[in-house]
Each structure stands twice: as structure tokens, then as C-alpha cells.
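> Next come a sequence and a model predicted from it.
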Amino acid sequence: MADKNYVDWLRKKVGTEPVILNAANAIIADEKGDVLFMRRGDFAASPVWGLPGGMLELEESAETAVRREVLEETGLEVMATEFLGTYTNNPIVSYPNGDQCKIILFVFVCTVASGTLQADGKESLELGFYNPKTPPPLFRPYIQNILDDFVAGKRGLLR
């Protein structure tokens with residue numbers, strides 16, 4: 001594989017056809033229980049928010065991916081402290097560029113180890129802490145199910 005980015009390499013092979021991809025997201029809560037959300041750069045035309053995280057590369061674990069993606073998107077180094085769950089019942093997502101995928105999502109509860117909160121201006125356009133029961137407009141409705149599981153204290157889920 002000549003391309004370091006697995007998704008870019010795969011898309012060169014299959015175009016925008018639906019594929020299954022693995023991603024890892026972080027739930028980072030502050031002392032009030034508000035959760036960190038990011039306004040997504042890939043949906044800049046219709047501002048929507050999601051949890052920090054992204055796609056796994058071929059040689060990395062889900063935990064390594066979540067730490068890498070959170071650092072890239074937020075400037076924060078995090079530690080995964082709990083495993084919320086694996087979410088496999090997500091519908092096919094269509095991106096503005098035409099790409100389609102079904103995402104198998106690994107969600108970790110994380111704490112901040114170091115860093116300064118700052119959007120990267122590409123993947124994340126804005127960052128903010130919001131009540132998980134009343135989040136900003138979400139990238140996909142299934143994110144609310146993840147937030148509900150987090151608030152309910154559920155861990156180790158397979159959905």
C-alpha cells in the first residue's frame with residue numbers, strides 16, 4: 001500500500017461505493033458532565049457536530065486511533081479510561097463528496113492527559129462542551145444513542 005492513509009488508498013480502488021470502515025470516537029467529559037463535541041469540517045456547508053475521533057489505519061488499534069485522532073482534531077492528548085462499546089448497527093453514511101460507508105464504531109470514555117483545546121481548522125472547525133442530553137446538531141442521529149448509553153453509565157456494550 002503506497003498511500004499511508006488507508007481510506008484514501010481504498011477509495012482509489014472502489015470510488016464512492018459503500019464500504020465498511022472502522023472508526024474510534026472519544027467521549028471526553030468535563031467536571032460538570034458536559035461532553036466535548038466538534039463541528040465537523042467535512043460537513044461545513046451544513047454545520048453538524050460529532051464526537052472527536054476518526055478512522056483506523058491498517059496498523060493501529062482502536063485505542064491508538066482514538067488517541068491519534070483526538071490529538072489531531074482537538075490538540076488534547078487523552079487516555080482511554082473505559083470502553084463504552086462497539087456500535088455496529090449504524091446506517092450507511094453518505095458524505096458530501098459522495099463517499100458512502102457503514103461505520104463499525106468503537107467508543108472510549110477518555111480523560112485529558114495534556115494539551116490545549118484548539119480546533120485544527122480542517123477536520124474540526126469549532127470545539128465545545130455541551131450537555132449530552134441537549135447536544136448541538138448532530139452529524140448522525142445514532143450519536144444520541146451513544147450519548148444516552150454514556151449518561152446511563154453503561155459500559156462494554158455491543159450494539
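Thanks, I have the structure now. None of the values given here were measured: they were computed from a predicted structure.
> which element follows the longest strand that the chain contains toward the C-terminus?
Of all the segments of type strand in the chain, defined by DSSP state E, the longest one is strand 100-115. For strand 100-115, the following helix or strand on the C-terminal side (DSSP states H and E) is strand 124-130.
> Okay, now the sheet partners of that next one, with direction.
Under the criterion DSSP bridges, strand 124-130 sits next to strand 35-40 (antiparallel) in its sheet.
> what distance separates the strand it pairs with from the centre of its chain?
Distance, stretch centre to chain centre, for strand 35-40: 9 Å (C-alpha atoms, centre = their mean, to the nearest Å).
> and if you look at stretch 119-128?
So, by C-alpha atoms, centre = their mean, the centroid of stretch 119-128 is 13 Å from its chain's centroid.
> in the lengthiest helix in the chain, what counts as buried?
Using DSSP state H, we find that the single longest helix of the chain is helix 62-74. The neighbour-count criterion (16 or more other C-beta atoms under 10 Å) identifies 62, 65-71, 73-74 as the buried residues of helix 62-74. C-betas here are computed from N, CA, C, even on glycine.
> again with stretch 94-102
99, 101.
> what does stretch 8-25 contact?
Outside stretch 8-25, the residues within contact range by C-beta atoms under 8 Å, 6 or more residues apart in numbering are 1-3, 7, 50-56, 62-63, 65-66, 69, 92, 97-108, 146.
> same question, stretch 49-56
Contacts for stretch 49-56 (C-beta under 8 Å, 6+ apart): 6-7, 21-28, 35-40, 62, 65-66, 69-70, 72-74, 107, 123-124, 130, 135-140, 143, 146.
> For the longest strand of the chain, list every residue counted as buried.
For strand 100-115, by 16+ other C-beta under 10 Å, it's 101, 103-110, 112.
> got it, and stretch 135-152?
Buried-residue list, stretch 135-152, by 16+ other C-beta under 10 Å: 135, 138-139, 142-143, 146-147, 149-150.
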